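**Q** model this:
(chains A and B)
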Amino acid sequence: MLVFKNLHIGFSKIKHKKESLLFSSDELLFNPGEFVAVIGPNGSGKTTLFNTILGEQEPLSGAISIDRQNWKDLSRMDKAKHLSFVPSKFGGVEHLTVYNLVAMGRAPYTNMLNKLTEKDQAVVKKVLNQLGLSDFTNKNTVTLSDGERQIAMIGKALAQEAKIMILDEPTAFLDYNNRRKVLQLLKDIAVKNNQLIFISSHDLELCFEYCSRVIAIDAESQMLLDFKTPFNKEEIVKKVFK
Amino acid sequence: MDVVNKKYWRTSGLLFLLLLALVIFDLTLGSFSIGFNDIFNGIFNYDSSSTAELTVRVFRFPRVLTAIMSGAALSIAGLLMQTLFQNPLAGPYVLGINSGSSLLVAISTMSTFSFFGSDLGLIAAAVIGASGAGVFILFCSIYVKNKVSLLLVGIMFGSFAGALVSLIQAYADPNNLKSFMLWSFGSLQGVEFNQLGILSLVVIIGALLSLALVKPLNLLLLGDKSASLLGVNVKTIRFLIIVATAILTGVVTAFCGPIAFVGLVVPNMVKMIYKTTNHYHLLIGSLLGGALLIVICDITMQLLLPYVNLPLNALTALVGAPVVMWIIMKKF
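**A** Predicted coordinates for the structure are as follows:
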């Protein structure tokens, strides 16, 4: 479904800086239902990779395609229907309720005044049930705990009904229990909804436990390394974190 | 959700009724009291031989309608600024947008530049000035991430523009200077009956443009990146928000002078009352609340008239400055 074709990722020439390549990939294919962790040391380019997939940044060369369409040819609205994003930290917004946060995920489908149709409301309700957020619907997003807020943001992404979900370090600000809870949730979503989910993370142990695939950025060879279950943990760690 | 929406509509309805009552009360106020009959006739069925009807037609109706329009426009502009900069202290006055307007109005009233001589010319000058200041502050917001620092930039810009205005004043013709000084106090009485049309029209255009931005405004609350990935073209939307703000602030500044703090205070009050982030309701609330605040200011001024002639700008600052301090203590 999602294909990287000879992708070269990094920063193009800006002002005085030279073009700098972070890493490149051979042809990589990702399918719905996969739960993919992107790992690598700080500064290796996890965020840059995500920004490139999200279309915020151009690859140096190569292409990303989704369902055989070149990613670059899709409009902003089409992209919003294919791909959802959860930032690592969201502080909440005063007076924004969990319901309305999740409902924001319907934005690519609603009219100019953002009016929710019955179908939109049904989707929001389904998502709230699936994530166990039904008791929180009218709670202010500022007063939620970090874990609850993270799950509410995942709800927003789910309501977007995009085939691909990208989460930037979803566990970075959570305690141990919430980390496990969020990852279990994502694993279930990938299988049940048949979605392709990407996370970036430094929690290697948890990634090996929950994810179905690990993409590692090897700074030395400047390559993306692809590992599938069962993971040989020692080999991966040795290769990537020297 | 429908129950919740009904709650917002009920609040808006109450605000509207309150506004209506105060508007009628305000129309009776002035140097002498006028009955309801004469007010009605003066607006809809005017007979120039009746002093009361003439007074309503020439002074009171323009004054009150100007109060409604200016309050609504400035409050909507304030709401747009607060969402654009994710800052509860933002508003057209503190960000220097009024000052940009004032500078160009000063140039147009105190110079012999004939293009700006007409009403439309004056509005154009004020809107251009406001846009310039808006684009400047938007540009600064890229580099100045701290919310309070951005306000300081706005205030500095205001001082700078103020200094240029002083410079122009030093060389101005005394008559022009006097009319400019009166304008700068802020007044609701400078708009004549036949100017009401253009004032209302421009405010309505600005309000409709803001209404068209409701959805992106809602999504901008999640931050630029998340909004962009939900289909918002952030750059275009930012530009349109600045355009709407400039239109709304510019036209009011052109006719009523630089009115302080309304755009900052009202949206904060409205958010407290409505307790929502849906800009559809916040916009309606700001429109009604802003009109209400300026009408109340006008009533206060009219009631105090026998004792003291309070300029509008002094009154809004008396209300506004404490509210700003309160917000700073609560949120920063």
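**Q** now the helices for chain A?
**A** Along chain A, the stretches classed as helices by DSSP state H are A:46-54, A:76-82, A:98-104, A:118-130, A:146-159, A:176-192, A:204-210, A:233-240.
**Q** ok, residue A:29 - contacts?
**A** Counting by C-beta atoms under 8 Å, 6 or more residues apart in numbering or on different chains, residue A:29 makes contact with A:1-3. C-beta here means a position set from N, CA and C on the backbone, and glycine is covered the same way.
**Q** distance of it relative to residue A:212?
**A** Distance, residue A:29 to residue A:212, by C-beta to C-beta, to the nearest Å: 14 Å.
**Q** how near is residue A:174 to residue A:34?
**A** Noted for residue A:174: a distance of 23 Å to residue A:34, by C-beta to C-beta.
**Q** near chain B, which residues of chain A are found?
**A** Residues of chain A that fall close to chain B, judged by C-beta under 8 Å from any C-beta of the partner chain: A:54, A:56, A:76-77, A:79-80, A:83-85, A:87, A:90, A:93-96, A:99-100, A:104-105, A:107-108, A:110, A:112-114, A:116, A:121, A:160.
**Q** which positions in the stretch 151-300 of chain B make contact with chain A?
**A** Counting by C-beta under 8 Å from any C-beta, the stretch 151-300 of chain B comes close to chain A at B:211-212, B:214-215, B:218-219, B:221-223, B:225-226, B:228-233, B:271, B:274-278, B:280.
**Q** can you tell me which of those residues are in helices?
**A** Among these, DSSP H puts B:211-212, B:214-215, B:218-219, B:225-226, B:228-229, B:271, B:274, B:280 in helices.
**Q** residue B:229: neighbouring residues, count only.
**A** Using other C-beta atoms under 10 Å in any protein chain shown, residue B:229 has 27 other residues around it.
**Q** try residue A:46
**A** Residue A:46: 24 surrounding residues under other C-beta under 10 Å.
**Q** which element is residue B:18 on?
**A** Applying DSSP states H and E as the criterion places residue B:18 in helix B:2-28.
**Q** now the angle from that helix to helix A:118-130?
**A** On the basis of axes from the mean of the first three to the mean of the last three C-alpha atoms, to 10 degrees, helix B:2-28 is oriented at 120 degrees to helix A:118-130.
**Q** is the residue nearest in space to the middle of chain A bridged to anything, and to what?
**A** Centrality entry for chain A: nearest residue to the mean C-alpha point is residue A:166, 1.1 Å, by C-alpha atoms, centre = their mean. Taking DSSP bridges as the rule, residue A:166 bridges to residue A:85, residue A:198.
**Q** can you tell me how far it is from residue A:139?
**A** Residue A:166 sits 26 Å away from residue A:139, going by C-beta to C-beta.
**Q** the longest strand along chain A pairs with which strands, and in what direction?
**A** Longest strand in chain A by number of residues (criterion: DSSP state E): strand A:2-11. The strands that strand A:2-11 pairs with in its sheet are strand A:20-24 (antiparallel), strand A:28-30 (antiparallel), strand A:61-66 (antiparallel) (by DSSP bridges).
**Q** roughly how far is it from the heart of the chain?
**A** Counting by C-alpha atoms, centre = their mean, to the nearest Å, strand A:2-11 is centred 17 Å from the centre of its parent chain.
**Q** which residues touch the helix or strand in which residue B:204 is found?
**A** Following DSSP H and E, one finds residue B:204 within helix B:196-212. For helix B:196-212, the external contacting residues (C-beta under 8 Å, 6+ apart) are A:112-113, B:61-62, B:65-66, B:69, B:72-73, B:76-77, B:79-80, B:119-120, B:123, B:191, B:240, B:243-244, B:247-248, B:251-252, B:255, B:280, B:283, B:287.
**Q** change it to 6 Å
**A** If you take C-beta atoms under 6 Å, 6 or more residues apart in numbering or on different chains as the criterion, helix B:196-212 is touched by B:62, B:65, B:69, B:73, B:76, B:244, B:247-248, B:251, B:255, B:283.
**Q** identify the residues contacting the residue nearest to the centre of chain A.
**A** By C-beta under 6 Å, 6+ apart, the contact list for residue A:166 reads A:50, A:85, A:198.
**Q** residue B:256 versus that one, what's the distance?
**A** Shown here: residue A:166 relative to residue B:256, a distance of 49 Å by C-beta to C-beta.
**Q** show the contacting residues for residue 84.
**A** Going with chain A. Taking C-beta under 6 Å, 6+ apart as the contact definition, residue A:84 lies against A:157, A:160, A:162, A:165.
**Q** meant chain B actually
**A** Applying C-beta under 6 Å, 6+ apart, we find residue B:84 in contact with residue B:241.
**Q** need the pLDDT of it.
**A** pLDDT recorded at residue B:84 is 91.
**Q** Provide the backbone phi and psi angles at it.
**A** Backbone torsions of residue B:84, given as degrees, to the nearest 10, read phi -60, psi -40.
**Q** what do you get for residue A:162?
**A** According to degrees, to the nearest 10, residue A:162 has phi -90, psi 150.
**Q** now do the contacts for it.
**A** Counting by C-beta under 6 Å, 6+ apart, residue A:162 touches A:82-84.
**Q** any chance of those residues in JSON lines, with pLDDT too?
**A** Below are those laid out as JSON lines (pLDDT from 0 to 100):
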{"residue": "A:82", "pLDDT": "91"}
{"residue": "A:83", "pLDDT": "92"}
{"residue": "A:84", "pLDDT": "94"}
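**Q** which PyMOL command selects the buried ones in the residues of chain A next to chain B?
**A** A single PyMOL command selects the buried members of those (16 or more other C-beta atoms under 10 Å in any protein chain shown):
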select buried, chain A and resi 54+79+80+83+84+85+87+90+93+94+95+96+99+100+104+105+107+108+114+116+160
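**Q** how about the contacts made by the spatially most central residue of chain B?
**A** In chain B, the C-alpha nearest the mean C-alpha coordinate belongs to residue B:74, at 2.1 Å (C-alpha atoms, centre = their mean). By C-beta under 6 Å, 6+ apart, the residues touching residue B:74 are B:252, B:262-263, B:290.
**Q** and those residues, which is closest to residue B:16?
**A** Of all these, residue B:290 has the smallest distance to residue B:16: 12.8 Å, by C-beta to C-beta.
**Q** before we move on, the earlier item: let's see if you can find the most crowded of the contacts of residue A:29.
**A** The residue in the contacts of residue A:29 with the most neighbours, by other C-beta under 10 Å, is residue A:2 (22 neighbours).
**Q** next, count neighbours for the residue lying closest to that one once chain neighbours are set aside.
**A** Setting aside the residues directly before and after it, residue A:2 is nearest to residue A:30 in space (C-beta to C-beta, 6 or more residues apart in numbering or on different chains), at 4.3 Å. Neighbour count for residue A:30, taken as other C-beta under 10 Å: 19.
**Q** what's the answer for residue B:228, then?
**A** Counted with other C-beta under 10 Å, the neighbours of residue B:228 add up to 23.
**Q** need the per-residue pLDDT for residue B:27.
**A** 91.
**Q** what do you get for the one 3 residues further on?
**A** Residue B:30 is assigned a pLDDT of 82 by the prediction.
**Q** with adjacent residues omitted, what lies nearest to it?
**A** Distances taken as C-beta to C-beta, 6+ apart put residue B:60 closest to residue B:30, at 5.8 Å, once the chain neighbours are dropped.
**Q** next one: residue A:95 from residue B:88, what distance?
**A** 12 Å.
**Q** same question for residue A:106.
**A** For residue A:106, the distance to residue B:88 equals 27 Å [C-beta to C-beta].
**Q** count of neighbours near residue B:12?
**A** The number of residues packed around residue B:12, counting by other C-beta under 10 Å, is 17.
**Q** name the nearest residue to it, sequence neighbours excluded.
**A** Of all residues not flanking residue B:12 in the chain, residue B:284 sits nearest, at 5.2 Å (C-beta to C-beta, 6+ apart).
**Q** go on, residue B:31?
**A** Nearest residue to residue B:31, sequence neighbours excluded (C-beta to C-beta, 6+ apart): residue B:305, at 7.5 Å.
**Q** need the worst-confidence member of the ones in helices among the residues of the stretch 151-300 of chain B next to chain A.
**A** Ranked by pLDDT, those bottom out at residue B:225, which has 88.
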